[in-house]
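Novice: Take a look and give me a structure for this.
(chains A and B)
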2 protein chains.
Amino acid sequence: MKDIKTELTQKIVVIGAGNVGTHLAVALQKSGAEVVQVYSRSAESARELGQRLGVPFTHSFGEIHRAADLYVLAVSDSAMLKVLDSGMFNGHFVVHTAGSVDMEVLKNYTRNYGVLYPLQTFSKQRELDFSTIPLLIEANSHENEQRLVRLAKQLTTNVSIVDSEQRLQLHIAAVFACNFVNYMYAVAETLMQRHQLPFRYLQPLILETARKAAESESPTQVQTGPARRHDQNVLEKHRKALEFSPDLQKLYNFVSEKIQTL
Amino acid sequence: MKDIKTELTQKIVVIGAGNVGTHLAVALQKSGAEVVQVYSRSAESARELGQRLGVPFTHSFGEIHRAADLYVLAVSDSAMLKVLDSGMFNGHFVVHTAGSVDMEVLKNYTRNYGVLYPLQTFSKQRELDFSTIPLLIEANSHENEQRLVRLAKQLTTNVSIVDSEQRLQLHIAAVFACNFVNYMYAVAETLMQRHQLPFRYLQPLILETARKAAESESPTQVQTGPARRHDQNVLEKHRKALEFSPDLQKLYNFVSEKIQTL
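Specialist: As a prediction, the model looks like this:
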């Protein structure tokens, strides 16, 4: 029991108060871990998150707590090396939270390291149920892996061990399934604005499309639409209507062709 | 009250038993309208839907009921003209359900016509709550428009009058927001399969991405990801990882460039 209690109350410093840092810090605190401090290079973001959690905050490297059990780096990939170069982590347990950064970038900075990658899109202002988010774990030793797994299981029911190469591939897949999907929504928004049509008309369609693919577990199997039906009449009408934008027309043609070969 | 009762019990023939025909027929019957017959050129589809509704069905043009109040064409754009050319609709009220077909194609076949376009993606095997689906109406006269609006309001709370040009634009927007979105999911599925990663890892991300865009009412405003952050390091890693497929690499570059100009 003593070990579990130690685990539940381990002291964590969250470095970064952006979308990921904010959601992770909130979820960690809710789960029973002790977030002892938050850092952000932006004084305002540091204060905002610190006050939200009711914990100390700083925007100065020199003031970062020196005796935490875990340091969670939730900063941009480029800021990560600057933080690491400060040299303060030697010997401490440090994890990063990035999809496309190899775990081994941490090797030169400490002897205990790992990755805690939440596979989700975060916006500070949106509430999220963390308990179903996949948390993908990697660590430099079996012991550190077990520490991270125990911590992750306090946050979510969805914990997996994934190596750096798989995490990179997952991140690319996520770019298509989230960022590129959102860009398609943005194109739809643009097209509707051009014709004074409200974007909310598309809300039920967007939600049903996502649910259908997610529940089917194979979007390829549930592909629909004029390209899938090889309906050349409709494809031609759409191409013509997109003549105002060569780029959108090009995108329409490219994706329609790919769908026809699915 | 008599008028309302007549409206509620009007006799409808549904022509087509595909995804749209099936969902519309089920919703019409649930709403209190009397689906007196279903037709499909496929005997099997006709029987399947007829038995589901407990109403007569046929796969022969010659047997289509001649005295219905409304004929709903839910067939592919190319099959529509064949059905119309049968000449049976003269004088009857006929609507089609297609996004990209001008209402006026019906003009040569009858003097009462219109469009009932449900803005949703339908699969026979999925249950759908019809009550929030946008139903977009067009008709050749004010009287017919009012008849369709009354009928549509029995099916959904979300009824609008939209002309053929706007409906075409909406359909194109829907292709991006649904069919192209699903293609992006399919690409993600392919990438994950290549690395023995289960597609279900992406489920929470897919659902949250859709909810975020739908609730924001402006996906452009909530765009995230490496391209949006102009994170060239990550973009370069992803391009490299996609070298195995020139087409996916091309798509990745194209959409990433567009996102960077949002």
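
Novice: just the strands in chain A please.
Specialist: Using DSSP state E, the strands assigned to chain A run over residues A:11-15, A:34-39, A:57-58, A:70-73, A:93-96, A:112-118, A:135-139, A:159-161.

Novice: The residue nearest to A:Thr209 when sequence neighbours are not counted: what's it in contact with?
Specialist: Take A:Thr209 and drop its neighbours on the chain: the residue closest to it by CB to CB, 6 or more residues apart in numbering or on different chains is B:Cys178, 4.5 Å away. C-beta: built from backbone N, CA, C; applies to glycine. By CB atoms under 8 Å, 6 or more residues apart in numbering or on different chains, the contact set of B:Cys178 is A:Leu205, A:Ile206, A:Thr209, A:Thr224, A:Gly225, B:Thr121.

Novice: What of A:Ala186?
Specialist: By CB under 8 Å, 6+ apart, A:Ala186 lies in contact with B:Pro219, B:Thr220, B:Gln223, B:Leu262.

Novice: same question, A:Glu104
Specialist: A:Glu104 neighbours (CB under 8 Å, 6+ apart): A:Ser164.

Novice: How about the residues of the stretch 1-150 of chain A by chain B?
Specialist: Contacts of the stretch 1-150 of chain A with chain B, taken as CB under 8 Å from any CB of the partner chain, map to A:19, A:76-78, A:99-100, A:119-121, A:123, A:126, A:128, A:132-134, A:136.

Novice: Make a ChimeraX selection of the buried ones in those residues.
Specialist: Here is the ChimeraX command that selects the buried residues among the residues of the stretch 1-150 of chain A next to chain B (16 or more other CB atoms under 10 Å in any protein chain shown):
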select /A:19,76,77,99,100,119,120,121,128,133,134,136
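
Novice: re the thing from before, confidence score at the residue nearest to A:Thr209?
Specialist: pLDDT recorded at B:Cys178 is 98.

Novice: which residues of chain A score low on pLDDT?
Specialist: Along chain A, segments meeting pLDDT under 70 span A:1-9.

Novice: what's near enough to touch the closest residue to A:Met88 other than its chain neighbours?
Specialist: In space, and not counting its chain neighbours, A:Met88 is closest to A:Ile64: 6.1 Å by CB to CB, 6+ apart. With contact taken as CB under 8 Å, 6+ apart, A:Ile64 is in contact with A:Val13, A:Ile15, A:Gln37, A:Tyr39, A:Thr58, A:Met88.

Novice: Highest neighbour count among those residues?
Specialist: A:Tyr39 (28 neighbours; other CB atoms under 10 Å in any protein chain shown).

Novice: Tell me what the residue lying closest to that one once chain neighbours are set aside is bridged to.
Specialist: Excluding its sequence neighbours, the residue lying closest to A:Tyr39 (CB to CB, 6+ apart) is A:Ile15, at 4.7 Å. Assessed by DSSP bridges, A:Ile15 has beta-bridge partners A:Tyr39, A:Leu73.

Novice: Quick one: residues contacting A:Ile15.
Specialist: Going by CB under 8 Å, 6+ apart, A:Ile15 touches A:Gly21, A:Val38, A:Tyr39, A:Ser40, A:Ile64, A:Tyr71, A:Val72, A:Leu73, A:Ala74, A:Val75, A:Val83.

Novice: As CSV, these with distance to B:Lys107 would be great.
Specialist: As requested, the contacts of A:Ile15 are exported to CSV (distance: CB to CB, whole Å):
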residue, distance to B:Lys107
A:Gly21, 61
A:Val38, 67
A:Tyr39, 69
A:Ser40, 65
A:Ile64, 74
A:Tyr71, 71
A:Val72, 66
A:Leu73, 66
A:Ala74, 61
A:Val75, 63
A:Val83, 69
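
Novice: Of those residues, which is the nearest to B:Ala152?
Specialist: A:Gly21 (47.6 Å; CB to CB).

Novice: Run through the residues that contact the spatially closest residue to the closest one that is not a sequence neighbour.
Specialist: Counting by CB to CB, 6+ apart, A:Gly21 lies nearest to A:Ala74, which is 3.4 Å off, once chain neighbours are set aside. Contacts for A:Ala74 (CB under 8 Å, 6+ apart) come out as A:Val14, A:Ile15, A:Gly16, A:Ala17, A:Gly18, A:Val20, A:Gly21, A:Leu24, A:Ala25, A:Thr97.

Novice: Mind checking which of the residues you listed land in helices?
Specialist: Counting by DSSP state H, the part of those found in helices is A:Val20, A:Gly21, A:Leu24, A:Ala25.
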